[in-house]
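Undergrad: Provided below are the primary sequence and the corresponding predicted coordinates.
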Amino acid sequence: MILLELFWSFFQIGILSFGGGYAVLPLIQSQIVEYRQWLTLVEYADILTISQMTPGPIAINAATFVGTRVAGLPGAVIATLGCITPSLIIALGVAYLYVKYRQVSVMQGILSFLRPAVVALIASAGISIVKLTFWGGGDVAWAVSALDFVAIGLFTASLVILRKWKTDPIKVMLASGVVGAALYLLL
């Protein structure tokens, strides 16, 4: 029964995941943390971190890791299949329709409608991750003592390094991990 629930949960995520990996993060969080309660918000953030560091699309990596956590190797396979099946079906259908109707203005209108929705989904995921990182997942408290200054410092330094010097993101993540581990061990 759990395998069927895993497949169905990630099938729903897969069928609604327009806009790529970051746009699907709120859907995964809603399904896995809030509705099914298979993971806590902290475990979900850990899985997202691992999913971003491993090769491949973040949604598929997250499905694999959640499936493994919930039901072992069979869960990983089933969750991953659930995640990719709708995309495969939709991609084949859209490719056929796009080739057949690419000159029609309605097709261009549909595509321009989806862009703002994707930006909103990505912003929602970003806000959730910032809240979890800066305030430890609790309610946003505007008291200075509630903030995690190490996380804010690492975030700010990483952002500046990435934007100003265009450094390789992998190197920035590794350096942030080392510096963060050292600072959290010392503090």
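TA: That came in fine, so what should we check first? Numbering: from 1, shown residues only.

Undergrad: only C-alpha atoms from now on, for both contacts and neighbour counts.
TA: Fine.

Undergrad: what is the burial count for residue 61?
TA: Residue neighbour count, defined by other C-alpha atoms under 10 Å, stands at 24 for residue 61.

Undergrad: can you tell me the closest non-neighbouring residue to it?
TA: Leaving aside its chain neighbours, residue 61 sits nearest to residue 51 (5.1 Å; criterion: C-alpha to C-alpha, 6 or more residues apart in numbering).

Undergrad: quick one: average pLDDT of the helix or strand in which the one you found is found?
TA: Residue 51 is part of helix 41-53 when elements are defined by DSSP states H and E. Averaging pLDDT along helix 41-53 yields 88.

Undergrad: cool, stretch 26-35 as well?
TA: Model confidence over stretch 26-35, given as mean pLDDT, is 91.

Undergrad: what's the longest helix in the chain?
TA: Ordering each helix of the chain by length in residues (DSSP state H) puts helix 58-101 first.

Undergrad: can you give me the buried ones in the next helix or strand after that helix?
TA: Beyond helix 58-101 on the C-terminal side, the first helix or strand identified by DSSP H and E is helix 105-135. For helix 105-135, the neighbour count (16 or more other C-alpha atoms under 10 Å) marks 118, 121-122, 124-126, 128-135 as buried.

Undergrad: coming back round to it: now tell me what touches the helix holding residue 51 from outside.
TA: Contact partners of helix 41-53, identified using C-alpha atoms under 8 Å, 6 or more residues apart in numbering, comprise 29, 33, 57, 58, 59, 61, 62, 65, 66, 129, 132, 137.

Undergrad: how does it look with 7 Å?
TA: With C-alpha atoms under 7 Å, 6 or more residues apart in numbering as the contact definition, helix 41-53 has outside contacts at 33, 58, 61, 62, 65.

Undergrad: who wins on neighbours among those residues?
TA: Neighbours here mean other C-alpha under 10 Å. Within the contacts of helix 41-53, the largest count is held by residue 62, at 26 neighbours.

Undergrad: packing partners for the helix or strand bottoming out on mean pLDDT in the chain?
TA: Of all regular secondary-structure elements in the chain, judged by mean pLDDT, DSSP states H and E, the least confident is helix 21-28 with a mean of 81. Applying 3 or more C-alpha pairs under 7 Å, 6 or more residues apart in numbering; DSSP states H and E, one finds that helix 21-28 makes contact with helix 58-101, helix 105-135.

Undergrad: would you turn the buried residues of helix 105-135 into a markdown table with pLDDT and distance to residue 5?
TA: A markdown table is the format used below for these (pLDDT from 0 to 100; distance: C-alpha to C-alpha, whole Å):
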| residue | pLDDT | distance to residue 5 |
| --- | --- | --- |
| 118 | 84 | 26 |
| 121 | 85 | 24 |
| 122 | 88 | 26 |
| 124 | 88 | 25 |
| 125 | 83 | 24 |
| 126 | 87 | 27 |
| 128 | 84 | 25 |
| 129 | 85 | 26 |
| 130 | 87 | 29 |
| 131 | 86 | 29 |
| 132 | 85 | 27 |
| 133 | 87 | 30 |
| 134 | 88 | 33 |
| 135 | 85 | 32 |
